[in-house]
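**Q** Return atomic coordinates for the entry below.
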Amino acid sequence: MIVQMRRELGLLDAARATYQEGCVHYSADPELLFQAGLLFRATGEHGEAERCFLGALSAPAEPYFSSMDPAIRGFKARHNLAVLYAETGRPNQAEAQWRAALAESPGFIPAWEGAGEVLAQRGDVPALLDLARQATTVGFPAMALMLEARAALLEQRHDEAIDKLRTILAESPGAVELRRVLTHALVQAGRLAEAEPELRTLIELVPDDAKAHSDLALVISELAARRSEGPV
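**A** Here you go, the predicted model:
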C-alpha cells in the first residue's frame, strides 16, 4: 500500500497526503486506517493514531482490497494500540489490548512480551506467574520461562532468572527481548563481565538500541574501574 511504502521510506508528509486522498473514497477501509495509525504514531500524533487503530478494529468485515491481511482488524491492530498506550503512560489499557490480542492469537509473541513488560513494570509477580501458566497451557514453554524469569528478577532471584533466560536463548539466540532482559538481569546481579558480551550481541542485533549502548558504556567504565582496583 502506498501509505505504508512512503512511511517506511521516511516520506511522512507524502504518506499523510496519500492517506488524506484515500479517505475521500475509503475512509472506513481497515488497511488504510491501520497504516495511518502507524504513520501518526511515528509522527507523535497519538490521538490520531489511537483513532485509526480503533477504527481498524471496528471496520466492516468486507475489505476494499482482497489482499488485506485480516489480522489488521484484530490482534495486529490491538498490539499497535497497546504499544501506543504503553508509550503514552496508559499501562492498564495496554495490558487489556495485549491480553485481547493473545485471546485472539495465542501464537503472537509480541503480545506475550508486551503484557509481560507491563506486569514487570508494575511489579506484579502473581500476575506474571499466572501469565506464565497460560503460556505453558497454550504450548509456549519458552515464553513461560521468560515470564518466570521476570518474576524471579522482581524477587531478586537473579541467578535463577539468568539460568532460565540462557536456557531459552540457547534455542533462540536471535530473540531480542529475551537478550535485553538477560542483560538487565546480569547488570542487576553485578555480573558485569558476563553482561558486556551480551550487550555487544544485543547491539549487533539492534544497532540503534540507545539503552543498550548506554548500558554497555556504563559496564565498560565500571569494569575498568574494578580492574584498576584489582581482579574483576
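**Q** What's the biggest helix in this protein, counting residues?
**A** Determined from DSSP state H, the single longest helix within the chain is helix 210-229.
**Q** got the buried residues for it?
**A** Of the residues in helix 210-229, 212, 215-216, 219, 222 count as buried by neighbour count, 16 or more other Cβ atoms under 10 Å. In this view, the C-beta of every residue, glycine as well, is placed from N, C-alpha and C.
**Q** Would you point out the most distant pair within these?
**A** Greatest spacing in those, by Cβ to Cβ: 212 and 222 (15.6 Å).
**Q** looking at this protein, which helix or strand does the model trust least?
**A** None of the helices or strands of the chain scores lower by mean pLDDT, DSSP states H and E than helix 2-8, at a mean of 53.
**Q** Residue 119 is in what secondary structure piece?
**A** When secondary structure is defined by DSSP states H and E, residue 119 falls within helix 109-122.
**Q** just checking, next helix/strand downstream of that helix?
**A** helix 125-137.
**Q** hang on, the earlier thing: of the buried residues of helix 210-229, closest to residue 49?
**A** residue 212 (26.2 Å).
**Q** Quick one: residues contacting that closest one.
**A** 180, 183, 199, 202-203, 206 (Cβ atoms under 8 Å, 6 or more residues apart in numbering).
**Q** Break down this structure into its helices, ranges please.
**A** Taking DSSP H as the test, the helices found in the chain are 2-8, 12-26, 30-42, 46-58, 75-87, 91-104, 109-122, 125-137, 141-154, 158-171, 176-188, 192-205, 210-229.
**Q** that older thread, turn the buried residues of helix 210-229 into JSON lines, including pLDDT and distance to residue 132.
**A** Listed next are the buried residues of helix 210-229 as JSON lines, based on pLDDT from 0 to 100; distance: Cβ to Cβ, whole Å:
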{"residue": "212", "pLDDT": "96", "distance to residue 132": "25"}
{"residue": "215", "pLDDT": "96", "distance to residue 132": "26"}
{"residue": "216", "pLDDT": "97", "distance to residue 132": "29"}
{"residue": "219", "pLDDT": "96", "distance to residue 132": "29"}
{"residue": "222", "pLDDT": "95", "distance to residue 132": "32"}
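**Q** No further queries at this time; thank you.
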